[in-house]
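**Q** here is my input, please return the structure:
(chains A and B)
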Protein chains: 2
Amino acid sequence: MADFNRRDFMTAATLVGAGTMVFGAAAAAERYPAIRKAAEAGRDAAIKRIQDWIALPSIAAENRSMKEGAEYMATLAREAGFDTATIVPTDGHPGVFATMDNGAKRTLALYFMYDVKQFDPAEWSSPPLEGRIVDKPGFGRAIVGRGAVNQKGPEATVLAALHAMRAAKAKFPVNLVLVAEGEEEIGSPHFHQIVQRPEVFAALKKAEGIFIPASWQDMNGNVSVNLGSKGVIELELVASGEKWGRGPKGDIHSSQKAAVDSPVWRLVRALDSLVTPDGNTPAIDGWFENVRALTPREKELIAEVARSGSEQEQKKQLGVSHWIDDLPYGQALERLASQPTVNIEGLVSGYTGPGGKTILPGRAVAKLDLRLVPNQTSKEAVSKLRAHLDKRGFNDVEVNVSGGYDPTETAEDSRIIRAELETYKRAGVKASLNPRLAGSWPGAVFTAPPLSLPAGHFGLGHGAGAHAPNEYYVVESTNPKVAGITDAVMGYVDMFHQIAQVR
Amino acid sequence: MADFNRRDFMTAATLVGAGTMVFGAAAAAERYPAIRKAAEAGRDAAIKRIQDWIALPSIAAENRSMKEGAEYMATLAREAGFDTATIVPTDGHPGVFATMDNGAKRTLALYFMYDVKQFDPAEWSSPPLEGRIVDKPGFGRAIVGRGAVNQKGPEATVLAALHAMRAAKAKFPVNLVLVAEGEEEIGSPHFHQIVQRPEVFAALKKAEGIFIPASWQDMNGNVSVNLGSKGVIELELVASGEKWGRGPKGDIHSSQKAAVDSPVWRLVRALDSLVTPDGNTPAIDGWFENVRALTPREKELIAEVARSGSEQEQKKQLGVSHWIDDLPYGQALERLASQPTVNIEGLVSGYTGPGGKTILPGRAVAKLDLRLVPNQTSKEAVSKLRAHLDKRGFNDVEVNVSGGYDPTETAEDSRIIRAELETYKRAGVKASLNPRLAGSWPGAVFTAPPLSLPAGHFGLGHGAGAHAPNEYYVVESTNPKVAGITDAVMGYVDMFHQIAQVR
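**A** Residues are numbered from 1 along each chain as shown, chains lettered A, B, ... in the order given. Below is the predicted model of the structure:
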């Protein structure tokens, strides 16, 4: 469900023009020659590991291969050298908790998911569970399959780094903790139960930070390092004759409108109260009470993005010709990072096919997502929305929340962010600091008290198509600015060392 | 498209309790013994005529068998004794114009349609083109098929009356004019072209009135005689980034909402301006300018319906527990008859499947139907809606009208209404006068100047399920209060005589 890795959001990376960078593989090879040799030797096995994993799709929404998926995840962890890897039951599907004590001073945590998004084979150019290797012009050769980039490819690349380090008999510079879940694609409803288990919590509490593997290098090799992300609540607002006690319980003939109330009009009215007349600012009572303004440093980082980015390219990609209020680019980016939103994802009521059908529908649904910024919380937001509707007499309008996360924040001076930046720099990759992703991920379970763990995304390499057909992950790069699988492996190897070394 | 015959509107008939009535077949048999004998002899042929016609579905929306359907209609007319029956081309699908000069003093016009609604055989209990005869508990045996009641069954029953009169060598008491179209189910977009042809117009101008055959006897045998109907406009309101020049042209990631305008919120705002806060009264500028209040006589007729009807039964059928503003029944019926409406038939935008999808949709559509009362016109209404939106800056919000009719009115003292009432009375059928149907039909092409032809619905018998699967038309009645096909034939025979005889 986490919706930051769809390549359709505005990140610093996509805004930055081509630099004059050569991928730093050579430098890395010099630093860890034995590990690199082992990574090269293990390349085919690493690719096969991704393909085999893709062949076992775990889909929580379909209750498909969940037990098998968790066991497979635990086995992969053990094979990569984790001392223990245990299945952690939840009220939903199980997770996996694994640790690797390397006698190191510092500990790094990893967040994995073993589930994948649903798929329809008819929409794919090759079977989604085959993991076929195909050409991707501009990038090289890539594995195509469900979960290729979200997240089996990047996760298996982390595992390949561990395999390479063991094969090279290298010293592990950090201890590792791995927490994995199988319900990410349905909104991580039970992940907090895994994190809150005493042994898991205690292990995570020792860590410097946690990252989710990511392979977001763009065509120019650039990445962005996100210092936080918005929270999100997804919900349905439902108006119905059933709950209202007025209007029809089912659909009736539209000629009745002159004598019968309409739940659809009720929904329209309730919706209209949620935002300013231009639809751009939440108007829910007390919504901005806990909203923290951007800090001067955050504004500085955004200004840097605005300076280096291509506004026209960005607008073209999005298919928009104006930002809200015709704001100049820098202010639009500030608005993007700083403002909470009330967005309508979908409207469904009555007859939705071609042409018309003269009915008065008994029920109307608006699908909303509400993005939250620090220091809003999803709990606060749901309760304010309910109170806002109740105060206006819309007590009957249902608020059916399907999922949500709080916003996340990680300090720029945390060891994990500094290690990420150092690793990218050593690899010759341009990394832009992004103060806040406008998208969301369930990282608040780590970053919020009581754990308060710095959290981020890290990785080299490239893949795309999460949730879409023909999802892919590049394993052999023909683009000198983008890492193939072995360079990506070496990126993780170096990241482990940087975590151990940063002040 | 005409949406009055779906049995889901509030008519006087459905409100009236069981009387102590016995179907007047015996009386009719005494009046026209030779014709009745011929009708009985022709009964099997009449049923086969309906079945054969059902086997040839003409569907304008699918451009299916339109030419064949028009030719079939013309042949049916000729076989029933019309002197001439010619195909009338239009800019769309053709109609049929037929006349039968019987040297009578008065002329009666008939309105037929040869097209039927689309159907999905998978939803039917027997093949929709087979016209299988099945038991309908409470009514008897019925033909099941697409078009059975809407309108091939009732129309073929009129034709069977003409066959029976010819077979009995009876004197035809009136001259007949028949106009038929093949685009009723798509909103009669070209029917006015048929009516406006000089020869058709001249023939209709001579008529006392026109009726569409109807088979709306309820369980108790009751019918209602409608003195008019509301007009209707069906349209889509569309807000899009494309037309607006703001917001996205397609769907983009919902995290962009903080920087990008939303066409969906724009639609919500535009919609909200169209009605009062309770959603019950149009708030479009100048909407009530030409609305005529109910006359004392209309109020008297409504009060009679309120007195004799069962409010609880009506509410139960509709699945509602309160009328608008908790009005008492009589006032609710007055509101139903007198008030124009702005109804939302459907809402469609963005993601409409189960769960959510974090997108900011580029387009949002509201399907509306607007019911009009005398003396509003559909032309006036469309132009006022456009002006209302433009005045509020919604120039980009599209108003895509797919069809519409003006309201119709026929005087209670017109010969056709008086002949209908007399015919029902002679058949022992309780007929309630309904001043205005809340539904709509394309009768304004007849009732409005320059033709100004009284128009109504007439017929005995029963059928239901127009537009739905398993549409049926009763041919053999086991309910003594409801006409089977032969009694329905005799109803038309008597109606022809009453038209000739009423003062």
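**Q** lowest average confidence, helix or strand, in chain A?
**A** Least confident helix or strand, chain A: helix A:12-15 with a mean of 36, by mean pLDDT, DSSP states H and E.
**Q** next up, the contacts around the spatially closest residue to residue A:327 that is not a sequence neighbour.
**A** Nearest non-adjacent residue to residue A:327, counting by CB to CB, 6 or more residues apart in numbering or on different chains: residue A:335, 6.3 Å away. The C-beta positions use only the backbone N, C-alpha and C, and glycine is treated the same way. Contacts for residue A:335 (CB atoms under 8 Å, 6 or more residues apart in numbering or on different chains) come out as A:323-324, A:327, B:258-259.
**Q** turn those residues into TSV, including secondary structure and neighbour count.
**A** Below are those laid out as TSV (DSSP: H, G, I helix; E, B strand; the rest coil; neighbours: other CB atoms under 10 Å in any protein chain shown):
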residue	secondary structure	neighbour count
A:323	coil	24
A:324	helix	23
A:327	coil	15
B:258	helix	26
B:259	coil	26
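**Q** pull the most distant pair out of those residues.
**A** Taking CB to CB, the two most distant members of the contacts of residue A:335 are A:327 and B:258; they sit 10.9 Å apart.
**Q** all helices of the stretch 401-503 of chain A, in order?
**A** All helices of the stretch 401-503 of chain A, identified by DSSP state H, counting those that start in this stretch, fall at A:415-426, A:444-447, A:485-501.
**Q** could I have the CA atoms of the first one written out in CSV?
**A** Only the C-alpha atoms of helix A:415-426 are listed here, as CSV (Å, rounded to 0.1, in the frame of the first residue of the first chain):
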residue,chain,number,x,y,z
ARG,A,415,23.6,8.3,11.4
ILE,A,416,21.5,6.5,8.8
ILE,A,417,20.9,9.6,6.7
ARG,A,418,24.6,10.6,7.0
ALA,A,419,25.7,7.0,6.1
GLU,A,420,23.3,7.0,3.1
LEU,A,421,24.7,10.4,1.8
GLU,A,422,28.3,9.2,2.3
THR,A,423,27.6,5.9,0.5
TYR,A,424,26.0,7.7,-2.4
LYS,A,425,28.8,10.2,-2.6
ARG,A,426,31.4,7.4,-2.6
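**Q** can you give me the buried ones in that helix?
**A** A:415-424, A:426 (16 or more other CB atoms under 10 Å in any protein chain shown).
**Q** and that helix, what does it pack against?
**A** Applying 3 or more CB pairs under 8 Å, 6 or more residues apart in numbering or on different chains; DSSP states H and E, one finds that helix A:415-426 contacts helix A:25-31, strand A:210-213, strand A:223-226, strand A:431-434, strand A:455-458, helix A:485-501.
**Q** rank those by pLDDT, which is bottom?
**A** Between those, the lowest average pLDDT goes to helix A:25-31, which shows a mean of 62.
**Q** return the residues in contact with residue A:234.
**A** Contact analysis of residue A:234 by CB under 8 Å, 6+ apart lists A:187, A:345, A:367-369, A:401-404, B:355-356, B:358.
**Q** ok, these vs residue A:383, which is closest?
**A** Distances from residue A:383 to the contacts of residue A:234, taken by CB to CB, are shortest for residue A:401, at 10.8 Å.
**Q** what pLDDT does the model give the closest residue to that closest one other than its chain neighbours?
**A** Nearest non-adjacent residue to residue A:401, counting by CB to CB, 6+ apart: residue A:235, 4.5 Å away. Looking at residue A:235, its pLDDT reads 96.
**Q** surely residue A:235 is within a helix?
**A** No - Residue A:235: not assigned to a helix; according to DSSP: H, G, I helix; E, B strand; the rest coil it is strand.
**Q** bridging residues for it?
**A** Using DSSP bridges, the bridge partners assigned to residue A:235 are residue A:368, residue A:401.
**Q** run a quick neighbour tally on it.
**A** 22 (other CB atoms under 10 Å in any protein chain shown).
**Q** mind checking the SS state of residue A:86?
**A** Quick answer, by three-state DSSP: residue A:86 is strand.
**Q** beta partners for it?
**A** Counting by DSSP bridges, residue A:86 is bridged to residue A:97.
**Q** dump the residue contacts of it.
**A** Contacts of residue A:86 by CB under 8 Å, 6+ apart are A:74, A:96-98.
**Q** name the nearest of these relative to chain B.
**A** Nearest to chain B among the contacts of residue A:86, counting by CB to the nearest CB, is residue A:96 at 25.2 Å.
**Q** beta-bridge partners for the residue nearest to the closest one when sequence neighbours are not counted, please?
**A** Once flanking residues are discounted, residue A:96 sits nearest to residue A:180: 4.2 Å by CB to CB, 6+ apart. Under the criterion DSSP bridges, residue A:180 forms beta bridges with residue A:96, residue A:112.
**Q** show the pLDDT at residue A:180.
**A** For residue A:180, the model assigns a pLDDT of 98.
**Q** looking at chain A, which residue ends up farthest from its center?
**A** residue A:259 (48.5 Å; CA atoms, centre = their mean).
**Q** how near is it to chain B?
**A** Going from residue A:259 to chain B by CB to the nearest CB, to the nearest Å gives 4 Å.
**Q** so what's residue A:144 bridging to?
**A** residue A:132, residue A:472.
**Q** distance of it from residue B:185?
**A** 46 Å (CB to CB, to the nearest Å).
**Q** possible to save the helices of the stretch 401-503 of chain A as JSON lines with distance to residue A:34?
**A** Listed next are the helices of the stretch 401-503 of chain A as JSON lines, based on distance: least, CB to CB, whole Å:
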{"stretch": "helix A:415-426", "distance to residue A:34": "18"}
{"stretch": "helix A:444-447", "distance to residue A:34": "33"}
{"stretch": "helix A:485-501", "distance to residue A:34": "11"}
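**Q** residue contacts, residue A:187?
**A** Per CB under 8 Å, 6+ apart, neighbours of residue A:187: A:1, A:234, A:402-404, A:442.
**Q** equivalent analysis for residue A:501, please.
**A** By CB under 8 Å, 6+ apart, the contact list for residue A:501 reads A:173, A:419.
**Q** ok, for residue A:493, nearest residue in space, not its chain neighbours?
**A** Nearest one to residue A:493, counting by CB to CB, 6+ apart, is residue A:161 at 5.0 Å.
**Q** pLDDT at that neighbour, what is it?
**A** According to the prediction, residue A:161 has pLDDT 98.
**Q** how about the secondary structure of it?
**A** Three-state assignment for residue A:161 (three-state DSSP): helix.
**Q** distance of it from chain B?
**A** Separation of residue A:161 from chain B (CB to the nearest CB): 31 Å.
**Q** for residue A:334, same thing?
**A** 9 Å.
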